[in-house]
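*Asks:* I'll drop the sequence and a predicted model, then ask my questions.
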Amino acid sequence: MARPWQDTTTILGQFGPNPTRARRAYAAFVAQGFPQGHRPELQGGGLLRSLRGWQAVTALRRGREAYRGDERVLGSTAFVAALQRAATPTPAAPPAPTVATLCAHVCAAVGRTPAQLAGGGRTPPAVVARAGIAFLWVEVLGHPGRPLAPQLGVQPAAVPKAARRGAATTRQWRQVPARLQES
């Protein structure tokens, strides 16, 4: 009988490379558990098990302590709370800055314009700005370096090198994303 809410693929995937082998291995696993009999410590949800039964839970509730429990979940109070947090939608993160916005902020910090970077040149402020932009774009924001190369006026192979140079002055550049969120 098909149960769309039941994920057998993930569980069976832990027991074998194909469905037939996995089902046999799962059946053997379950059969190994039968001799252990009824285990009270595995009854109830995470809160029940972690506190050793309903009496402990009832006593806690009288004291108004904040414990999370869910009889459908096996695990500690912390585990149940983590699952509930993971299942709760989180507000959308602010949009990541664009290359142009990032270039504008870093260039302003070193006294250059984005146009001065794109034109090449190896003046110290331009080199510092390229290094900062590459570091933030690649290492902090996690974007690939290739699309950044034309903005910086360099070859794609130069972007990772610039990012490494920018990492050497990381304290200065880590402040820029916070300023981007404010503007």
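*Replies:* Nice, thanks for sending it over.

*Asks:* quick check: chain neighbours aside, which residue is closest to Ala167?
*Replies:* Distance criterion Cβ to Cβ, 6 or more residues apart in numbering; nearest residue to Ala167, sequence neighbours excluded, is Phe135 at 5.3 Å. Every C-beta, even on glycine, is put in place using the N, C-alpha and C of the backbone.

*Asks:* who's in contact with Leu152?
*Replies:* Applying Cβ atoms under 8 Å, 6 or more residues apart in numbering to Leu152 gives the contacts 117-118, 130, 133-134, 158-159, 162.

*Asks:* 7 Å instead?
*Replies:* Applying Cβ atoms under 7 Å, 6 or more residues apart in numbering to Leu152 gives the contacts 117, 130, 133-134.

*Asks:* with Cys107 instead?
*Replies:* 113-114, 117, 129.

*Asks:* which strand or helix spans it?
*Replies:* Taking DSSP states H and E as the criterion, Cys107 maps to helix 99-110.

*Asks:* quick check: buried residues in that helix?
*Replies:* For helix 99-110, the neighbour count (16 or more other Cβ atoms under 10 Å) marks 99, 102-107, 109-110 as buried.

*Asks:* against Pro89, how distant is Ala96?
*Replies:* 20 Å (Cβ to Cβ, to the nearest Å).

*Asks:* which one of the two has more residues nearby?
*Replies:* Using other Cβ atoms under 10 Å, the more surrounded residue of Ala96 and Pro89 is Ala96, with 13 against 5.

*Asks:* hang on, the more buried one packs against Leu141?
*Replies:* Yes. At 6.0 Å, Ala96 counts as touching Leu141 under the criterion of Cβ atoms under 7 Å.

*Asks:* per-domain residue ranges of the chain.
*Replies:* 40-87, 99-182 (automatic domain parsing).

*Asks:* so which elements touch the longest helix seen in the chain?
*Replies:* Ranked by number of residues, the top helix in the chain under DSSP state H is helix 19-33. Helices and strands touching helix 19-33, by 3 or more Cβ pairs under 7 Å, 6 or more residues apart in numbering; DSSP states H and E, are helix 8-13.
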